[in-house]
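Sharing a model that was predicted from the sequence below.
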Amino acid sequence: MADAAKIVGRLSEPSSVGRASEPVQGARINSVRIRIIFSAQARTAAGCSETSLEFSAPLTVTQALELVAQKYGDALRRIVLDEFGTVQASVMLFVNDEQILNDNACELHDGDVLTVMPPISGG
């Protein structure tokens, strides 16, 4: 599997209300489109509650998170990925409402919804 930097794809720009909008201008890729929902601190760091990712072939959850971290910056990267580029152990991930382990093996396919839920702090 190619690393995240080599995956051909693009993110949809979030609208002003934090929902996914139309894809960024450019050639249309007809292969795989997923939705990514950010909760808690991830939503704050990304500046939106969700986005869409469109790419040419299935990719892993970790690769998708790397792509959105590249788009939304270091604040989101620190929340979801460790210094080695693997998913933070404290982050809960769901694919289509089913919790998954924080590993590199889970592939995302057309129509999948990835929910990113970092720990909620407070007392």
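Sure, I can see it. Numbers count the residues shown, from 1 in each chain.

contacting residues for the closest residue to residue 32 other than its chain neighbours?
Take residue 32 and drop its neighbours on the chain: the residue closest to it by CB to CB, 6 or more residues apart in numbering is residue 110, 4.5 Å away. The way it works is simple: take the backbone N, C-alpha and C, and place the C-beta from them, glycine included. Taking CB atoms under 8 Å, 6 or more residues apart in numbering, we find residue 110 in contact with 31, 32, 33, 34.

likewise residue 99?
If you count contacts by CB under 8 Å, 6+ apart, then residue 99 has 92, 93 around it.

I'd like the distance between it and residue 39.
Look at residue 99 and residue 39: by CB to CB, to the nearest Å, they are 13 Å apart.

now residue 72
According to CB to CB, residue 72 stands 14 Å off from residue 39.

Helices of the chain, residue ranges please.
Remark: helices assigned in the chain by DSSP state H are 40-46, 61-72, 74-80.

thinking again about what came up before, flag the least confident of the contacts of residue 110.
Note: of the contacts of residue 110, the lowest pLDDT belongs to residue 31, at 78.

nearest residue to that one other than its sequence neighbours?
residue 56 (4.7 Å).

Contact partners for the residue most central in space within the chain?
For the chain, the residue nearest the mean C-alpha position is residue 65 (4.1 Å; CA atoms, centre = their mean). By CB under 8 Å, 6+ apart, residue 65 lies in contact with 80, 81, 87, 116.

Can you tell me which of these are classed as buried?
Among the contacts of residue 65, those that count as buried by neighbour count (16 or more other CB atoms under 10 Å) are 80, 81, 87, 116.

how close does the last one get to residue 93?
It refers to residue 116. 6 Å.

Please apply the same query to residue 74.
Counting by CB to CB, the gap from residue 74 to residue 93 is 20 Å.

ditto for residue 85
For residue 85 relative to residue 93 (CB to CB), the value is 15 Å.

Then residue 119?
Separation of residue 119 from residue 93 (CB to CB) stands at 13 Å.

can you check residue 62 too?
10 Å.

Give the residues shared as contacts by these two.
By CB under 8 Å, 6+ apart, the residues touching both residue 62 and residue 93 are residue 87.
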